[in-house]
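Engineer: fold the following, please.
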Amino acid sequence: MLVEAHAAGVLLSGMSAGAMCWFESGLTDSFWGAGYQPLACLGLLPGACGVHYHADPQRRTTLLAAIEAGTVDSAIAIDDYAAVLYEDGVLSRVVHWREAAAAYSVARQSGQVVESALASISIANPVQ
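Structural biologist: Numbering: from 1, shown residues only. Got it, this is the predicted structure:
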C-alpha cells in the first residue's frame, strides 16, 4: 500500500525508523545485542539513511565504517530536530527546528569517506 501511495504522489513521512524505511537501506540497532546493522528498506529513495545521527556517537561511527567497508554506498544522515524532503526521488530541502540540527550527505569520494553538511533552513518559531 505504501508503494502504491508513493506512486500516486501521496506525501509520505516519518521520524526515526519511519524516515529510514523509505530508503534502499538504513542502519538499525533493532537486532538484539548485535549493535548497529544494515537493514534493507523499501527502496523508494536512493541510498541509505542514518537517523539520530549525532544523538549517539556510535551511529555516526558505524555509518562512516559501513560506507568505508562498502556495505553502504552513500547515505543521508539526519540529526534529531531536522528533516529532509525529497521530491520525485531527489533531495529538495533540508529543514531544522533546533539550532545546530542538520542533515549530511555521506559518501565515498576519491577513496575517502566524505561527510558534507547540507544547507538547511530553520522552521523554528521565534521565542516571544
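
Engineer: not counting stretch 96-116 itself, show me its contacts.
Structural biologist: Residues outside stretch 96-116 that contact it (CB atoms under 8 Å, 6 or more residues apart in numbering) are 50, 53, 63-64, 67-68, 70, 73-84, 94, 117-118, 120-124. All C-beta atoms are positioned from the backbone trio N, CA, C, and that covers glycine.

Engineer: what average pLDDT does that stretch get?
Structural biologist: Here stretch 96-116 scores 95 as its mean pLDDT.

Engineer: buried set for it?
Structural biologist: Across stretch 96-116, burial judged by 16 or more other CB atoms under 10 Å covers 96, 101-107, 113.

Engineer: what pLDDT does residue 21 get?
Structural biologist: Per-residue confidence (pLDDT) for residue 21: 92.

Engineer: quick check, central residue of the chain?
Structural biologist: Taking CA atoms, centre = their mean, the centroid of the chain lies closest to residue 49, which sits 3.2 Å from it.

Engineer: mind checking the SS state of that residue?
Structural biologist: Here residue 49 takes the strand state, with states given by DSSP: H, G, I helix; E, B strand; the rest coil.

Engineer: hmm, it is touching residue 16, no?
Structural biologist: No. Counting by CB atoms under 8 Å, residue 49 stays clear of residue 16, with 10.3 Å between them.

Engineer: so what touches the longest helix anywhere in the chain?
Structural biologist: With secondary structure taken from DSSP state H, the chain has its longest helix at helix 57-69. Residues from elsewhere that reach helix 57-69 (CB under 8 Å, 6+ apart): 27, 35-36, 38, 48, 50-54, 72-75, 77, 106-108, 113, 115.

Engineer: stretch 17-32 too?
Structural biologist: Stretch 17-32 is contacted by residues 12-14, 35-51, 59, 62-63, 66, 72, 76, 78, 83-84, 86 when judged by CB under 8 Å, 6+ apart.

Engineer: just read off the phi/psi values of the closest residue to residue 124 other than its chain neighbours.
Structural biologist: Using CB to CB, 6 or more residues apart in numbering and skipping residues adjacent in sequence, the residue nearest residue 124 is residue 97, 4.4 Å away. The phi and psi torsions at residue 97 (degrees, to the nearest 10) take the values phi -130, psi 20.
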